[in-house]
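[1] Build me a structure from this.
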Amino acid sequence: MDFLSFIGDNLQIFLSYTGFANATSGHLIMILVGLVFIYLAIAKEFEPMLLIPIGFGILIGNIPFKDAGLQLGIYEEGSVLNILYQGVTQGWYPPLIFLGIGAMTDFSALISNPKLMLIGAAAQFGIFGAYMLSLVFGFDPAQAGAIGIIGGADGPTAIFLSSKLAPNLMGAIAVSAYSYMALVPVIQPPIMRLLTSKKERVIRMKPPRAVSQTEKIIFPIVGLLLTCFLVPSGLPLLGMLFFGNLIKESGVTRRLAETARGPLIDVITILLGITVGASTQATQFLTLNSLKIFGLGALSFVIATSAGVLFVKFFNVFLKRENKINPLIGNAGVSAVPDSARISQIVGLEYDSTNYLLMHAMGPNVAGVIGSAVAAGVLLGFLG
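    I've put the predicted structure just below:
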């Protein structure tokens, strides 16, 4: 009898530690969200390199367990997940991501037509528009700055800034930023069609001029000096972005460039995606503020896309007919590289099957990467 009682007591203790005994409706909701992310990545091919790690991370972060000092969860000091998560909370991962982005980015389109930089700058209105809306919704200035950066459609920048300004909101901000990056093919085309006329959609732009190798080498050096002298607080992101581009374009550090844009960025993307996903633990994530952040993120993305398209329309008023810009590339001012540039191409081909906009759209697209990092530096300088 004592033996049976012993077995029964131990079985009861074991069952109390299982996920079935500790599951809440919040955990189940977040697990469903994780499954939706994985479905969108596989079935719809929406940013699978991001949504699969984040979606699976959401599943990991929402396995219910009894808090008994076992050091399992991402928020428990000393746990393996917590140690990996420090790359997010301490801002280590985003600069390494920017290093890889720099090593895989060709700035030729921007160098050949520098005025496209203005489109990337115009799209950053989404950041500052969301900042002001966040203040209206009751967030303090630092939190509002971190939320606003979602409008740049740049996940690493959003993580970097939120780690400095609003660590307690980082999970919601990061998931929101990556979600809207993945939904570029869904969100942007209706806005582009709404804000342009059929005549504007078929504007043909001049072919970009050939860019010399010397110009490509000089660009990251001059870009670093100009942007970081202006906004020193953007140095961690901009410094690594331009360094990555220099090792790509120098022609003598091919192995470093291949490592940065291949194995390194892949490893960091995996770690960042898993830990950001795991940070959506239901007890920490399912709050009213998280819902507000998702709503504000959507608004900021709409504002950024609209600002880019409308700026091109305004800019065209001052340009000669042969120099006019197709406003369908205005959406590419957000820094979702290269997806927003691809959307410019896809929508453009719907109205003229021989008008290829991709190369032109890459100009504001890479300008948007620089612009969002500069905007993050400005916000960090004022609010940090």
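
[2] how close does E249 sit to K216?
    According to Cβ to Cβ, to the nearest Å, E249 stands 4 Å off from K216. Yep, even glycine has a C-beta here, placed from its N, CA and C like the rest.

[3] out of these two, which sits in the busier spot?
    For the pair E249 and K216, the greater number of neighbours falls to E249 (23 against 19), based on other Cβ atoms under 10 Å.

[4] That one and I218 touch, don't they?
    No. Counting by Cβ atoms under 8 Å, E249 stays clear of I218, with 9.2 Å between them.

[5] after the strand or helix carrying G348 comes which helix or strand?
    Per DSSP states H and E, G348 falls inside helix 339-351. Per DSSP H and E, helix 339-351 leads on to helix 358-383 as the next helix or strand towards the C-terminus.

[6] could you say what helices and strands that next one packs with?
    Judged by 3 or more Cβ pairs under 8 Å, 6 or more residues apart in numbering; DSSP states H and E, helix 358-383 is in contact with helix 108-112, helix 117-122, helix 125-136, helix 141-148, helix 155-165, helix 213-230, helix 235-249, helix 339-351.

[7] out of those helices, deepest packed?
    For those, ranked by mean neighbour count under the definition mean count of other Cβ atoms under 10 Å, the leader is helix 155-165 at a mean of 28.

[8] Tell me what angle whichever helix or strand comes after that helix forms with helix 155-165.
    Counting by DSSP H and E, the next helix or strand C-terminal to helix 155-165 is helix 170-182. Here the directions of helix 170-182 and helix 155-165 differ by 160 degrees (axes from the mean of the first three to the mean of the last three Cα atoms, to 10 degrees).

[9] Buried residues, the helix or strand that helix 170-182 is followed by. List them.
    Next helix or strand after helix 170-182 toward the C-terminus (DSSP H and E): helix 184-195. Of all the residues in helix 184-195, those buried under the rule 16 or more other Cβ atoms under 10 Å are 184-185, 187-189, 191-193, 195.

[10] Kindly reformat those as JSON lines containing pLDDT.
    Output for the buried residues of helix 184-195, formatted as JSON lines (pLDDT from 0 to 100):
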{"residue": "V184", "pLDDT": "89"}
{"residue": "P185", "pLDDT": "89"}
{"residue": "I187", "pLDDT": "92"}
{"residue": "Q188", "pLDDT": "95"}
{"residue": "P189", "pLDDT": "96"}
{"residue": "I191", "pLDDT": "96"}
{"residue": "M192", "pLDDT": "96"}
{"residue": "R193", "pLDDT": "96"}
{"residue": "L195", "pLDDT": "96"}
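
[11] Contacts for stretch 295-305 next, please.
    Residues from elsewhere that reach stretch 295-305, judged by Cβ atoms under 8 Å, 6 or more residues apart in numbering: 123-127, 129-130, 133-134, 137, 147-148, 150-153, 173, 176-177, 179-180, 187-188, 191-192, 330-331, 333-334.

[12] and with 7 Å instead?
    Contacts to stretch 295-305, defined as Cβ atoms under 7 Å, 6 or more residues apart in numbering, come from residues 123, 125-127, 129-130, 133-134, 137, 147-148, 150-153, 176-177, 180, 187-188, 191, 331, 334.

[13] do the same with stretch 253-267
    96-97, 99-100, 103-104, 244, 247-248.

[14] Could you single out the nearest of those residues to V312?
    In terms of Cβ to Cβ, no member of the contacts of stretch 253-267 lies closer to V312 than M104, at 26.1 Å.

[15] Please name the nearest non-neighbouring residue to the closest one.
    Closest residue to M104 apart from its sequence neighbours, by Cβ to Cβ, 6 or more residues apart in numbering: R261 at 3.9 Å.

[16] Give me the three-state assignment for G78.
    coil (DSSP: H, G, I helix; E, B strand; the rest coil).

[17] Setting aside sequence neighbours, what's the nearest residue to it?
    Among residues not flanking G78 along the chain, Q71 sits closest, at 5.1 Å (Cβ to Cβ, 6+ apart).

[18] Could you look up the SS state of the one you found?
    Under three-state DSSP, Q71 comes out as coil.

[19] roughly how far apart are it and I247?
    Between Q71 and I247 the computed distance is 39 Å (Cβ to Cβ).

[20] Check F128 too.
    In this view, F128 and I247 are 33 Å apart by Cβ to Cβ.

[21] swap in A257?
    Using Cβ to Cβ, we find A257 at a distance of 5 Å from I247.
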